[in-house]
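need coordinates for the below:
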Amino acid sequence: MATTAPETAPTPIDARPVRFAATARDASSAARAGILHTPHGSVETPVFMPVGTQATVKGLTPGLLRDVCEGMILANTYHLALRPGEETVAALGGLHRFMAWDGPILTDSGGFQIFSLAHKAKITDRGATFRSHLDGRLLELTPERAVAIQEALGADVAMCLDQCPPLPAAKADVERAVDRTIAWAARCKAARSRPDQALFGIVQGGAHEDLRGRCASELIAMDFDGHAIGGVSVGESREEVRKALDVSVHLLPEDRPRYLMGVGRPQDLLDAVAAGVDMFDCVMPTRNGRNATCFTASGLVKLRNAAHARDPRPLEEGCDCLACARFSRAYLRHLFLAREMLGPILATIHNLAYLRRLMRRTREAIRAGRFVQLRLDVLAALGP
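Numbers count the residues shown, from 1 in each chain. This next block holds a predicted model:
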């Protein structure tokens, strides 16, 4: 059964640890540009956040990472609770000091692991109980525990614990997950204690407009600092992602940041910006880079292909990242075939630089009133 959201007096915008202000809007879509103010600096939106699952974006030093992202990154609650443990991170000065990152950090709640490790988890109204994928020990993740871990880590933005049902799922199963997500959100809100950390709610409901509407309505009544759209990175088609956006984003408050979780394909990012989303994260650009697949304006480049064996060109003309400024496709292919660690590092750098550039172009286009045309041009160049 759904729980009724508690009556909550709204926190004044100026008193929130994370504040959002829209600075420009596109006249022909819901796209908007803005600024997200956090305790560790301000970030222009729309923004893509690289994923540093275990307090590192794989292969990149903080200096290299700073060169290819807008300053905000994501870390993983479940993995850091298992290793090295949130108490260790807290004892060493918190996540920012631990990983030598002075920009904003968002931590997820562990809700995705409830989905992805469902075969290792027992899920009840109380929370989820896991067997660690590392050593088999028991880990209980309740809403209260998820908040406590994230407060110990000290991220700028913490996420409520939610439940995302696997696909395909009957509507009754999605409804149960929505009921649980709402109840867990209320418990997360009651458990929070850090005034310098924002807490975002997560809208679930699959492709069901009534369920997403109810979930959004009850979360809005709880007065969260921002809202995420969940359940859209678990194997859906692009059309299904669009439908989930269509029934979710317009319900969310204009004065709070909107975050689409787990989406990183350029096409999906532009679809979501057009719907009014401000923040994104995904492992795709870094994972693809480690596997020799790179984003370019004309589509994917697969560096292991023999066509690149003597290709003197950079990965992408006009890109100023380290990989493109200094090295050829032929050299990058050689690194991957020789299993040299520099190959995945350079490809990761390029993919993050590509998305940073795409987000910058997007913001500029929104401010100039030409976002719709930019989106059409980018999609046409990427191809099917």
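
what's the neighbour count on residue 306?
7 (other Cβ atoms under 10 Å). Where you see a C-beta, it was placed from the backbone N, CA and C, and this is true even at glycine.

the top helix by length along the chain: what's the following helix or strand?
Criterion DSSP state H: the longest helix present in the chain is helix 342-368. Going down the chain from helix 342-368, the next helix or strand is helix 371-382, by DSSP states H and E.

ok so, going back, so for the longest helix of the chain, mean pLDDT?
For helix 342-368, mean pLDDT is 98.

so which bits of that helix are buried?
343-359, 362-363, 365-366 (16 or more other Cβ atoms under 10 Å).

what's the answer for stretch 178-191, then?
Within stretch 178-191, judged by 16+ other Cβ under 10 Å, the buried ones are 178-189, 191.

got the phi and psi for residue 231?
Residue 231 adopts backbone torsions of phi 70, psi 30, taken as degrees, to the nearest 10.

hmm, it is touching residue 204, no?
Yes - with contacts counted by Cβ atoms under 8 Å, residue 231 reaches residue 204, the gap being 5.0 Å.

pull up the overlap in contacts between those two.
residue 164 (Cβ atoms under 8 Å, 6 or more residues apart in numbering).

can you give me the strands in the stretch 1-150 of the chain?
Counting by DSSP state E, counting those that start in this stretch, the stretch 1-150 of the chain has strands at residues 19-25, 32-38, 41-45, 47-50, 73-75, 105-107, 121-123, 128-131, 138-141.

among those strands, which is nearest residue 331?
Shortest separation from residue 331 across these is recorded for strand 47-50, at 24.1 Å, computed as Cβ to Cβ.

show me what contacts residue 263?
232, 233, 241, 269, 272, 280, 282.

what does the pLDDT read for the closest residue in space to residue 341 that isn't next to it in sequence?
Nearest residue to residue 341, sequence neighbours excluded (Cβ to Cβ, 6 or more residues apart in numbering): residue 59, at 7.3 Å. Listed pLDDT for residue 59 reads 97.

quick one: residue 59 from residue 272, how far?
Distance, residue 59 to residue 272, by Cβ to Cβ, to the nearest Å: 27 Å.

which one's more surrounded, those two?
Neighbour count, other Cβ under 10 Å: between residue 59 and residue 272, residue 272 has more, with 27 against 19.

following the chain onward from the helix or strand hosting the more buried one, which element is next?
Assigned by DSSP H and E, residue 272 belongs to helix 266-275. Next helix or strand after helix 266-275 toward the C-terminus (DSSP H and E): strand 279-282.

so what strands line up beside that next one?
strand 47-50 (parallel), strand 258-260 (parallel) (DSSP bridges).

now residue 159: phi and psi?
The phi/psi pair for residue 159 (degrees, to the nearest 10) reads phi -110, psi 140.
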